[in-house]
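Undergrad: Show me the folded form of this:
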Amino acid sequence: MKNNHKYEIIIYWSKEDTAYIAEVPELAGCMADGSTYRKALSNVELIIDEWIETAKLKGRNIPVPKGKLIYA
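TA: Sure thing, here's the model as predicted:
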């Protein structure tokens, strides 16, 4: 794991999925789930690494982490 975890992660409970969902808004399509909050966070950390590695292999742009995003 490369610990590219400077991106904002949003975690919420999904009643429909009966799981916690972790989304990374700055990385298109980057999300994971888990039966607990911590498991969702752990899973999405792995997915962030995989997302970045895949983007590098395909020559795609990797967004610079912006920190806290504002949603309102």
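
Undergrad: now the helices: where do they sit in this structure?
TA: For the chain, applying DSSP state H gives helices covering 37-57.

Undergrad: For it, give me the ranges with low pLDDT.
TA: 1-4, 69-72 (pLDDT under 70).

Undergrad: In space, what's closest to the residue sitting nearest the centre point of it - neighbours in sequence excluded?
TA: For the chain, the residue sitting closest to the mean C-alpha position, by C-alpha atoms, centre = their mean, is residue 24 at 3.6 Å. Closest residue to residue 24 apart from its sequence neighbours, by C-beta to C-beta, 6 or more residues apart in numbering: residue 30 at 4.0 Å. (Each C-beta comes from the backbone N, C-alpha and C, glycine too.)

Undergrad: was I right about that neighbour contacting residue 48?
TA: Yes. Using C-beta atoms under 8 Å, residue 30 is in contact with residue 48, at 6.3 Å.

Undergrad: what are the ranges of the strands in the chain?
TA: Secondary structure of the chain by DSSP state E: the strands cover 10-14, 19-23, 31-34.
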